[in-house]
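Asker: coords please:
(one chain, ligands or ions: 1)
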Amino acid sequence: MCGIVGYVGPKSTLDVLIGGLRRLEYRGYDSAGVSVISPTGHLETRKKAGKLVNLVAEIEEHPLPAAHIGIGHTRWATHGAPTDGNAHPHLGGQTQKLSLIHNGIIENFAELKAELLAEGTSFASETDSEVAAHLIAREFEKTGDLPSAFASVVVRLHGAFTILVIHEDQPDVVLAARRNAPLVIGLGDGENFLGSDVAAFVEHTKRAISVGQDEIVILRADSVEVRTFDGKTVTHEEFTVDWDASAASKGGWSSFMAKEIADQPQAVADTLMGRLNSDGSVRLAEIDGLSHEDIKNLERIIIVACGTASYAGDIAKYGIEKWSRIPVQVELSHEFRYRDPIINKNTLIVAISQSGETMDTLMAIRYAKELGAKVLAICNTQGATLARESDAVIYTHAGPEVAVASTKALTAQITAGFLLGLFLASIRGAVPAAELQRVGLDLLKMPGRVSHVIEGLKQAERLGAEMANAKSVLFLGRNVGFPVAMEGALKLKELAYIHAEGFAAGELKHGPIALIEEGQPVIVIVPSPRDEDSLHPKVISNIQEIRARGAKVIAIAEEGDNQVSSYAENVIFVPECETLLAPILTVIPLQAFALALSTAKGLDVDQPRNLAKSVTVE
Ligand code: F6R
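Answerer: This is a model prediction of the structure:
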């Protein structure tokens, strides 16, 4: 959480910083601020509570000088309310010549603050971050060596941080440090950049380097040096960002979320690209690191993820187990890490994350690796910490997802999960190859079907808008439809701030049916009538049970399901497909429903309250 950007070079620093913050605003939007050093050597800072527009207005009112070095921050508040005073940057030292921005939490800040207070330092904010600004300024005043002052302080900090610092007395350098929080360097020609992720600078350069754990960056216009906290120089391989800057802009859509829903045919197609042969067999060169022997010896797969990504895991589990016959367990990363799970070298951990920076998921994989498990990441962000720390990565090629609520990343994650299941199954040989290829061939048709669903979203949008006054919406599903129901409910909670829950339809009579009263909206994910396990009649019975008690039912059903219309007030049809693949289609009307309901309530769909896109603190 929190977005950071740093720049040194000939361009207008303010434009680079504000442009970067605009692209990073999804990481937090409680306040924003920038510091620059003017050509005459003066540090100037502007910061403002609220969204970036407030900062932009503040700068219009109190302009900043032209500058060629600066840092910028967009905040998701942890320590201290989202006020102007608590906004970053924070100034350090008696002379206030040092400016610092921070993403993360300094866990030992109280002890460090006590040390500074005892020396008479006064504080301008309630944040943990300001402590680091004063400590670095104090060390610099003693030694006059900014990089060593910086290094001596960052090793004293506990917790998670990316910290950027500039100082009036060293106006050509930005210093940065990273522990348990993301930091990427953008390499330019006579200019260099720092950012929480590549979105911060992708409009200026596509050449990037990921900074490793416990490393310091000394960034100048014409040089970049990376050192470990204990002073050893390190080199990292450069990578090329494959996002186009325009992919991270709204491009005429009313919101990023609307655009990202519409991006889904491409996201699914790009995730499949190069991984499915025309005969339906799967090749996943990315996991060559796992030998056939390793795969044959696997005793268990544990999928770790949070939120929407965990629902992708829940959905993938059905396919992976059915095709490969390897037992799969899906765990919320934060629960997994703290419950002493049973793991050995024959356990494969699959970590799913759009950002690749979710701290809970990173902690989970680090723990699993300590216990000897291999880790495979399904990740959407190149150069992310998760990708770097995993033994292998299947990238979802959904492109940048900016809206806080995940949409296209989810459908890409489900797609990648199914590819993994088919691949493992092809090696394990528990299911005939022809059956796997039949599913693979059907998977190849999914982008076209996703397009078809998107073309028909008007009905879901109308129903969402009509329910703007609903106090609660329930979602029911069975089998692969169950995690889809939970995802539908999560989208509604986070976007429309109303009570929503997803239940397994079979669980209804064990309690949740008591919630049903006259007029209660219930969205039901109806399995295919062609389903061999006869789940369809069971769900139809569930619909009858809730309708008898007054529920207003919206069904998401397969085209050609002639029965369902007699039982539901409204039916949204999606195309036929292999039954296990259906979530890639059925989840989309739920995204559109939540978007329309939230919009009808006049809410900010891209930046819902209290949330941030990447949860980089535990
Ligand atoms: C909900 C949503 C979140 C994320 C979760 C994990 O719409 O976006 O629930 O799915 O915070 O984030 P990543 O995938 O970045 O690890």
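
Asker: near the ligand at all, stretch 346-365?
Answerer: Yes. Judged by CB under 6 Å from any ligand atom, stretch 346-365 comes into contact with the ligand at S353, Q354, S355, T358, T361. Heads up, the C-betas are built off the backbone N, CA and C, glycines and all.

Asker: what about the closest residue to the ligand within the stretch 401-550 of the chain, which SS state?
Answerer: Per CB to the nearest ligand atom, S406 is where the stretch 401-550 of the chain lies closest to the ligand, at 3.3 Å. Of the three states, S406 takes coil according to DSSP: H, G, I helix; E, B strand; the rest coil.

Asker: contacting residues for the closest residue in space to it that isn't next to it in sequence?
Answerer: Nearest residue to S406, sequence neighbours excluded (CB to CB, 6 or more residues apart in numbering): T308, at 4.2 Å. Residues near T308 by CB atoms under 8 Å, 6 or more residues apart in numbering: Q354, A405, S406, A409, L410, E487, L490.

Asker: Sticking with T308, tell me its helix or strand.
Answerer: Under the criterion of DSSP states H and E, T308 resides in helix 307-324.

Asker: wait, does that helix make contact with the ligand?
Answerer: Yes. Using CB under 6 Å from any ligand atom, helix 307-324 reaches the ligand at G307, T308, A309.

Asker: neighbours around whichever residue of the stretch 251-400 of the chain sits closest to the ligand, how many?
Answerer: Taking CB to the nearest ligand atom, the ligand has its nearest neighbour within the stretch 251-400 of the chain at G307, 1.9 Å off. The number of residues packed near G307 is 21, by other CB atoms under 10 Å.

Asker: How about the contacts made by it?
Answerer: S406, L490.

Asker: quick one, helices of the stretch 501-618 of the chain?
Answerer: 535-547, 583-600 (DSSP state H, counting those that start in this stretch).

Asker: In terms of mean pLDDT, which of those ranks lowest?
Answerer: Among the helices of the stretch 501-618 of the chain, helix 535-547 has the lowest mean pLDDT, at a mean of 95.

Asker: Who are the packing partners of it?
Answerer: Under the contact criterion of 3 or more CB pairs under 8 Å, 6 or more residues apart in numbering; DSSP states H and E, helix 535-547 touches strand 472-477, strand 521-525, strand 552-558.

Asker: Repeat the analysis, applying 7 Å as the threshold.
Answerer: Here helix 535-547 touches strand 521-525, strand 552-558, going by 3 or more CB pairs under 7 Å, 6 or more residues apart in numbering; DSSP states H and E.

Asker: Quick check: which of these has the most neighbours on average?
Answerer: Stretch with highest mean neighbour count among the helices and strands packed on helix 535-547: strand 521-525 (a mean of 27; mean count of other CB atoms under 10 Å).

Asker: Let me know the average pLDDT across it.
Answerer: The model assigns strand 521-525 a mean pLDDT of 98.

Asker: What segments of the stretch 51-200 of the chain are helices?
Answerer: Counting by DSSP H, counting those that start in this stretch, the helices of the stretch 51-200 of the chain are 52-61, 109-118, 129-143, 146-154.

Asker: for these, which one sits closest to the ligand?
Answerer: Per CB to the nearest ligand atom, nearest to the ligand of the helices of the stretch 51-200 of the chain: helix 52-61, 20.4 Å.

Asker: tell me which strands and helices that closest one is in contact with?
Answerer: helix 13-24, strand 31-37, strand 43-49.

Asker: Pairing partners for the last one, with directions?
Answerer: Each strand that pairs with strand 43-49, with its direction, by DSSP bridges: strand 31-37 (antiparallel).

Asker: contacting residues for the closest residue to N192 other than its chain neighbours?
Answerer: Nearest residue to N192 in three dimensions, chain neighbours excluded: L219, at 5.1 Å (CB to CB, 6+ apart). Listed by CB atoms under 7 Å, 6 or more residues apart in numbering, the contact set of L219 reads G6, V8, V173, V174, A176, N192, L194.

Asker: if we can go back for a sec, among the helices of the stretch 501-618 of the chain, show me which one is buried the most.
Answerer: helix 583-600 (a mean of 26).

Asker: Work out the gap between it and the centre of the chain.
Answerer: 19 Å (CA atoms, centre = their mean, to the nearest Å).

Asker: Next: stretch 303-313.
Answerer: 11 Å.

Asker: Stretch 222-233 now?
Answerer: With CA atoms, centre = their mean, you get 29 Å for stretch 222-233.

Asker: Residues of the stretch 401-550 of the chain that sit close to the ligand?
Answerer: Near the ligand, when you scan the stretch 401-550 of the chain using CB under 6 Å from any ligand atom, you find A405, S406, L490, E494.

Asker: burial measure for the second one, as a count.
Answerer: Counted with other CB under 10 Å, the burial measure for S406 works out to 28 neighbours.

Asker: wait, doesn't it sit right on Q354?
Answerer: Yes. Under the criterion of CB atoms under 7 Å, S406 lies in contact with Q354, with a separation of 5.8 Å.

Asker: For the stretch 251-400 of the chain, which segments count as helices?
Answerer: According to DSSP H, counting those that start in this stretch, the helices that the stretch 251-400 of the chain contains are 256-262, 264-272, 292-297, 307-324, 333-337, 359-370, 385-389.

Asker: For I18, which non-adjacent residue is closest in space?
Answerer: With CB to CB, 6+ apart, the residue lying closest to I18 is V56, at 6.6 Å.
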